[in-house]
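A.B. asks: the sequence isn't on hand, but the structure is:
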């Protein structure tokens, strides 16, 4: 063996002193090449609209989009869906028009506001009829980086006091489940 640590074996493969080829997973050159390939794969992800570096995925259409095209009204098919549902997107209390929004503050932080009550799933305005606003953050891995998705949850006057049961719909589900358990217990013990 030579002092450099590599010698030529039959078949012209270079091996290190321990006998492992440079393409073995524990070899530093292999690890470096693997991370470079992963970085190139991440950095080559481009926007579906303009071919710039993609910031994240739209949760509705699952397309990779840059910061400029991430809002709902800046890319298809979400802008078409937003226009089609415009007459249904009004506050259920006062009738003020509301528009779901999403935006990116940088390449890894994305915000979503559906302007719907998280308890009863009805559209609700921001200024007058949102009783409580909560932000929920979800972290998703994407290649070598991760993205922070911030979801703004709103509660109306009816759902805010019972938000621990997930609002009106959640409370109705709990009542139905409780009645079903009572009926099963009643028929189980009386027959």
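C.D. replies: Thanks, I have the structure now. Given the structure is predicted, the values throughout are model-derived calculations rather than measurements.
A.B. asks: contacting residues around residue 74?
C.D. replies: Counting by CB atoms under 8 Å, 6 or more residues apart in numbering, residue 74 touches 49, 65, 68. Where you see a C-beta, it was placed from the backbone N, CA and C, and this is true even at glycine.
A.B. asks: closest one of the residues you listed to residue 123?
C.D. replies: residue 65 (24.4 Å; CB to CB).
A.B. asks: OK, contacts around the closest one?
C.D. replies: 47-49, 54-58, 74-75.
A.B. asks: mind redoing it with 10 Å?
C.D. replies: Applying CB atoms under 10 Å, 6 or more residues apart in numbering to residue 65 gives the contacts 46-50, 52, 54-58, 71, 74-75, 78, 102, 104, 110.
A.B. asks: quick check: closest non-adjacent residue to it.
C.D. replies: Once flanking residues are discounted, residue 65 sits nearest to residue 47: 5.3 Å by CB to CB, 6 or more residues apart in numbering.
A.B. asks: and that neighbour, how far from residue 53?
C.D. replies: Computed as CB to CB, to the nearest Å, the residue 47 to residue 53 distance reads 7 Å.
A.B. asks: now residue 150
C.D. replies: 21 Å.
A.B. asks: buried ones among the contacts of residue 65?
C.D. replies: The neighbour-count criterion (16 or more other CB atoms under 10 Å) marks 47-49, 54-58, 71, 74-75, 78, 102, 104, 110 among the contacts of residue 65 as buried.
A.B. asks: can you list which of the residues you listed are found in strands?
C.D. replies: Here DSSP state E is the test, and the buried ones among the contacts of residue 65 give 56-57, 102, 104, 110 as lying in strands.
A.B. asks: could you list the low-pLDDT ranges of this protein?
C.D. replies: Along the chain, the parts satisfying pLDDT under 70 run over 1-44, 191.
A.B. asks: domain map for it?
C.D. replies: Domain ranges of the chain: 7-43, 56-160, 161-191, per automatic domain parsing.
A.B. asks: contacts only, for the residue most central in space within the chain.
C.D. replies: For the chain, the residue nearest the mean C-alpha position is residue 149 (5.4 Å; CA atoms, centre = their mean). Shown in contact with residue 149 (CB under 10 Å, 6+ apart): 56-57, 59, 102, 108-112, 136-140.
A.B. asks: kindly recompute the last result at 6 Å.
C.D. replies: Under the criterion of CB atoms under 6 Å, 6 or more residues apart in numbering, the neighbours of residue 149 are 110, 138.
A.B. asks: and it, bridged to which residues?
C.D. replies: residue 110, residue 138 (DSSP bridges).
A.B. asks: can I assume residue 177 sits in a helix?
C.D. replies: Yes: assessed with DSSP: H, G, I helix; E, B strand; the rest coil, residue 177 lies in a helix.
A.B. asks: neighbours of it, just the number please.
C.D. replies: Using other CB atoms under 10 Å, residue 177 is surrounded by 10 other residues.
A.B. asks: can you check residue 190 too?
C.D. replies: Neighbours of residue 190 (other CB under 10 Å): 6.
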